[in-house]
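J.: Generate coordinates for the sequence data below:
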Amino acid sequence: MALSVFFSLFALVNIAIAAEPPSNLPHATPGVFTAQGSSIVDADIDDVWRVLTNFSSYPDWNPFVRSQVVTNEFYIPLDDQTPQENLGLIINTQIPPLPAPVNASTPANLLNAHTTFERIHHLDLENYRIAWGLAGVPDSIIGGDRWSALSSFVDDDGKTKTFYESREIYIGFLASTLNEAFGAQAEALKVIFDK
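T.: Got it, this is the predicted structure:
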């Protein structure tokens, strides 16, 4: 019994203490291009999740996604902006991203503004994961599946931090234009909590 308890505690310690943050993203599917960004955020995972899934706050901090609106299946914005599976998204981006930091008053660069219509296909509150994919665009032009995930880990100084990671696997001939934008969003999320 004592040996069993020891190995259980040993396993928990090994999971909780990591020199490198553990990935919480699902296995990647093949594509033409993978855009990704990550950052280590010095904040509680629940606080970071609230910011990440509060799409209405994106204009206040996000240099890449300037707005992200939850919609019904006909892409009509909903009063309740809480993300849920099978709801739509209207996402306005800047590619390349605006220089950080940004706020809601930061003007868009109209030459770099893009709007996409997407569908939320995965929301896992328990494991801090959300995913959506492009809708209505032929995959030969661009298709994508975006995942964002959080995980807690203990750094080398014994402090619990949150690892944010986002990945979108693209197919189509426009796929390679987005990598810079993902990194900008990852850094901007971190900066919110560095103040």
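J.: do you know how far the most centrally placed residue in the chain is from residue 128?
T.: Most central in the chain under C-alpha atoms, centre = their mean is residue 148, positioned 3.2 Å from the mean C-alpha point. Going from residue 148 to residue 128 by C-beta to C-beta, to the nearest Å gives 9 Å. Yep, even glycine has a C-beta here, placed from its N, CA and C like the rest.
J.: which stretches of this structure have low pLDDT?
T.: For the chain, residues meeting the criterion pLDDT under 70 lie at 1-20, 176-180.
J.: What are the boundaries of the strands in it?
T.: Here the chain has its strands, by DSSP state E, at 33-41, 65-71, 88-94, 113-124, 129-134, 143-154, 160-171.
J.: which stretch among those comes nearest residue 193?
T.: Closest approach to residue 193 among the strands of the chain (C-beta to C-beta): strand 33-41, 5.3 Å.
J.: And that closest one, what does it pack against?
T.: Other elements packing on strand 33-41 under the criterion 3 or more C-beta pairs under 8 Å, 6 or more residues apart in numbering; DSSP states H and E are strand 160-171, helix 179-194.
J.: Go through that strand and flag the buried ones.
T.: Using 16 or more other C-beta atoms under 10 Å as the test for burial, strand 33-41 gives 33-39, 41.
J.: which of the helices and strands packed on strand 33-41 sits most buried?
T.: Among these, ranked by average contacts under mean count of other C-beta atoms under 10 Å, first place goes to strand 160-171 (a mean of 22).
J.: list the helices and strands that one packs on?
T.: So strand 160-171, by 3+ C-beta pairs under 8 Å, 6+ apart, packs with strand 33-41, helix 45-52, strand 143-154, helix 179-194.
J.: these two touch, right, residue 68 and residue 54?
T.: No: counting by C-beta atoms under 8 Å, residue 68 does not reach residue 54; the two are 9.7 Å apart.
J.: And these two? Which one has more around it.
T.: Counted by other C-beta atoms under 10 Å, residue 68 and residue 54 do not tie: residue 68 has more neighbours, with 23 against 14.
J.: residue contacts, the more buried one?
T.: Counting by C-beta atoms under 8 Å, 6 or more residues apart in numbering, residue 68 makes contact with 55, 58, 89-92.
J.: run the last query once more with 10 Å
T.: Shown in contact with residue 68 (C-beta atoms under 10 Å, 6 or more residues apart in numbering): 53-59, 62, 81, 83, 89-93, 116, 118, 132.
J.: List only buried entries from those residues.
T.: When the contacts of residue 68 are checked for burial by 16+ other C-beta under 10 Å, the buried set is 53, 55, 57-59, 62, 81, 83, 89-93, 116, 118, 132.
J.: Out of these, the closest to residue 163 would be?
T.: residue 53 (16.3 Å).
J.: With adjacent residues omitted, what lies nearest to that closest one?
T.: Nearest non-adjacent residue to residue 53, counting by C-beta to C-beta, 6 or more residues apart in numbering: residue 83, 5.6 Å away.
J.: so the one you found makes contact with residue 130?
T.: Yes: when contacts are counted by C-beta atoms under 10 Å, residue 83 is listed as touching residue 130 (6.3 Å).
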